[in-house]
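Chemist: kindly generate the corresponding structure for this input.
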Amino acid sequence: MRFSHRPRCCIKSPTQLAWLVLQSVLLALCLTLGLAGGAMAQTQNLPFAFDVDGEPPAHIDTAQLAVTPMSRAQLDLWWETLRRLEGRALPLSGKLQPPSDESVWAAVSLPDVRRRPALGAASARAPQHSLEMRWYRMQYAAPDRSAIGALAVYMARARTLPVALLMRTEAGWVPVFDNTAEAREQWVRPLMANLPGFASEQLMREGALEILLAVPVLRNEAYMVPSVWMGLREGVEPMYRARWLMQIALPQGSGLLLAVVAVFVLSVWLRNRQDRAYLLCGVLALLSMFRNLHYYVDMPRDPVVYQWFWWLTSASMSWVLLTCFLLALLFVQRRYLAFERLLIGLVVLSTTLTLPLWPWPINTLLVQHLVNAVVALGGAGFIGLMAWRSGHRELQLVACGLAFALALGIHDLALLSGLAWHEHASVLPYATLVIGVCFLVAIRGRFVNALRQVELANDQMAQRLVEQGTQLQLQHEQLGEAERQQALLMERQRLMQDMHDGLGSSLLSAMVAVEQGRMRQDQVVDVLRECVDDLRLVIDSLEPVGHDLVSLLATMRYRLGKRLQAGGLKLEWDVQDLPTLEWLEPPDALHVLRLLQEALNNVLKHACASRVRISTRDLGDRVEIRVEDDGRGFDLAMAEKGRGLRSQLKRAQRLGGSVLLEARPGHGTRLSLRLPVQRPPAPPA
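Modeler: From the prediction side, this is the model:
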């Protein structure tokens, strides 16, 4: 199985939920086994320890036996008479009475058993067989007449045709119990008969009762007539309830539990079809339900359906064994295809040959159980050998569970064939629980090992992630440093190019003019002042302005204010708050400063103005910077031919904005620079 989460975390995956449910199922199975063991201990042929009120029930294990032949018509008349006399306390007619000749009665020990024949058709297929009535006469003496109350009779089970209980009275043998309604289930269900009130009166009066078991059987067929427990009802009833709990209630509960397990495990397999363990566990639970079908479903009345019912429950045992072995082999590191194919072929063959379609002259039910025994012995032996060789703890646990289940199966096979333990309860239903517990514990071991492996893998992965994170952080820092150095280099190159084209060009021109004597001292001072201003603008563009255009304009005012004042210009400052321009970086700031510097230089040199006004406006998606003077103006047609305006237009285009120049002779000049608030990213080079 594959698991993907650490056990320390909370429920985050279907796999962890599956483990929690498996734990719950394991606990339920353990409790069920505990109850079964307690019930089994309580149903031994010993007086009950908790029968503290009055005398314990008497165990009658000897009787007088008489056997009379019976035809089918006589048996039908017998059953009809019992139904007619039910609850009426009337004696049987003379021809239905047990034999009155004492010479035909002989002592017999109970339980009285005839073994199942290996040859011959099963009883369900042979209604033509002759019948016989077996009469078992028993005596019950009152241990204490002063404590006589309601009486009851208990029998562990009976493998016969319907059992009837008679009691001798002054008028003859009176039927007091008829099990015709539940005869098909009496082989696996306990029997209890509450005697009528006149039985207690007769016992108190006479001190003893004579009871008789009337048991019709098929001649030459197997049967088992049990021993009898008789006594006060409050002492007999706990025996009956304990036997019912172990023999009926717990197998029924295990069937429901198996149904829940099957639904859950198969639903898990549907989510993870690569893992055969879930599929085999679900199939095992379903097949076990079919195997125990007779514990919570009454036997069919129709003979044909009855045959198919028994074939289904018996054949399903072979498939239960096969599924157990295939599931156990999952714990082995290799496949044993020959062994698997042999088991599958044997199970398929036996299931097919025992179908109720072929008129075999043998008891196919017994043959099916013998095949099951062969499959169980071979499979359990092979699994045990693999467990011993491999030393695999989980496989050894499964092998122990299979061995224990095999012992339970041998017990039930001996019980079914009439060899031993005639009154014992069938314990094979608990074999499924034992195997289920072993498989769950084994799967738990696989689960824990998988979690440990996943935890180790997660720890290793976490360590690798930490190492890779450290390496990535180092690489990121190195890359950041390289990018910073690259940015500094590019900025240095830009500044050098800008200073070469601007400041350097101006100084070189001034130096040539001075050398040739074509520049006066005041002109040299002006050139040097412009160079200083230009250098200051370059330096100011490198200062962090936080994408704030207003801060950039304020810096420019500080740098150029004295020069404007020295030139006789009055500066009117009308700068309002503007939105942040996220795209405004140092290169863009330098373009803005140079564009405005060019405009102010034109005012100083050519406008002959007395004042200059710098203002800003927020136009929504754009911002505007205006430079206005009250000078003499000029003809725009002449200005469009100059290099200064073309330079300003280029700078505005680089900024993603536009420049508007308005001028008339004698009416001053106004330059408007409009910049976008959000500038689209430049396309990749």
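Chemist: so which residues of the stretch 501-650 of the chain form helices?
Modeler: Per DSSP state H, counting those that start in this stretch, the stretch 501-650 of the chain carries helices over the ranges 505-515, 521-542, 549-566, 586-602, 636-639, 643-654.
Chemist: tell me the confidence at Ile211?
Modeler: The score at Ile211 is 93. That number is its pLDDT.
Chemist: revised request: answer the last question for Ala28.
Modeler: You'll see Ala28 listed with a pLDDT of 47.
Chemist: ok, Met230 next?
Modeler: 93.
Chemist: that one should be in a strand, yeah?
Modeler: Yes: counting by DSSP: H, G, I helix; E, B strand; the rest coil, Met230 falls inside a strand.
Chemist: Arg611 reaches Gly631, doesn't it?
Modeler: No: when contacts are counted by C-beta atoms under 8 Å, Arg611 is not listed as touching Gly631 (9.2 Å). The C-beta positions use only the backbone N, C-alpha and C, and glycine is treated the same way.
Chemist: buried set for the helix or strand where Thr323 lies?
Modeler: Here Thr323 sits within helix 303-329, counting by DSSP states H and E. Judged by neighbour count (16 or more other C-beta atoms under 10 Å), helix 303-329 contains these buried residues: 306-307, 309-311, 313-329.
Chemist: for the closest residue to Val228 other than its chain neighbours, the count of nearby residues, please.
Modeler: The shortest distance from Val228 to any non-neighbouring residue, by C-beta to C-beta, 6 or more residues apart in numbering, is to Ile60 (4.4 Å). By other C-beta atoms under 10 Å, 18 other residues sit near Ile60.
Chemist: over to Ile60: give its phi and psi.
Modeler: phi -100, psi 110 (degrees, to the nearest 10).
Chemist: and it, how far is that from Pro300?
Modeler: 34 Å (C-beta to C-beta, to the nearest Å).
Chemist: again, but for Thr580
Modeler: For Thr580, the distance to Pro300 - C-beta to C-beta - is 89 Å.
Chemist: cool, Leu75 as well?
Modeler: For Leu75 relative to Pro300 (C-beta to C-beta), the value is 20 Å.
Chemist: again with Leu321
Modeler: 25 Å.
Chemist: try Arg271
Modeler: Arg271 is 38 Å from Pro300, by C-beta to C-beta.
Chemist: pull out the buried positions in stretch 67-82.
Modeler: 67, 70, 74-75, 78-79, 81-82.
Chemist: so how far is it from its chain's centroid?
Modeler: 59 Å (C-alpha atoms, centre = their mean, to the nearest Å).
Chemist: could you export that stretch as CSV, CA atoms only?
Modeler: Presented in CSV, the C-alpha positions along stretch 67-82 are these (Å, rounded to 0.1, in the frame of the first residue of the first chain):
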residue,chain,number,x,y,z
VAL,A,67,-38.0,-47.4,16.9
THR,A,68,-41.0,-47.9,14.7
PRO,A,69,-41.1,-47.7,10.9
MET,A,70,-43.1,-45.0,9.4
SER,A,71,-44.4,-44.1,5.9
ARG,A,72,-44.6,-40.7,4.4
ALA,A,73,-48.4,-40.7,4.8
GLN,A,74,-48.0,-41.6,8.5
LEU,A,75,-45.4,-38.8,8.9
ASP,A,76,-47.9,-36.3,7.3
LEU,A,77,-50.6,-37.5,9.7
TRP,A,78,-48.2,-37.2,12.6
TRP,A,79,-47.4,-33.6,11.8
GLU,A,80,-51.1,-32.7,11.1
THR,A,81,-52.1,-34.2,14.5
LEU,A,82,-49.4,-32.2,16.3
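Chemist: pull the helix or strand with minimum mean pLDDT from the protein.
Modeler: Least confident element among the helices and strands of the chain, by mean pLDDT, DSSP states H and E: helix 14-42 (a mean of 48).
Chemist: all strands of the stretch 201-350 of the chain, in order?
Modeler: 208-218, 223-225, 228-232 (DSSP state E, counting those that start in this stretch).
Chemist: would you format those as CSV with mean neighbour count included?
Modeler: Compiled in CSV, these are given as follows (neighbours: other C-beta atoms under 10 Å):
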stretch, mean neighbour count
strand 208-218, 20
strand 223-225, 23
strand 228-232, 23
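Chemist: neighbours of His393, how many?
Modeler: Not His; residue 393 is Arg. Arg393: 13 neighbours (other C-beta under 10 Å).
Chemist: contact partners for it?
Modeler: Gly445 (C-beta atoms under 8 Å, 6 or more residues apart in numbering).
Chemist: and the helix or strand harbouring Gln463, what does it pack against?
Modeler: Per DSSP H and E, Gln463 falls inside helix 428-499. Under the contact definition 3 or more C-beta pairs under 8 Å, 6 or more residues apart in numbering; DSSP states H and E, helix 428-499 sits against helix 14-42, helix 250-271, helix 276-291, helix 303-329, helix 393-417, helix 521-542, helix 586-602.
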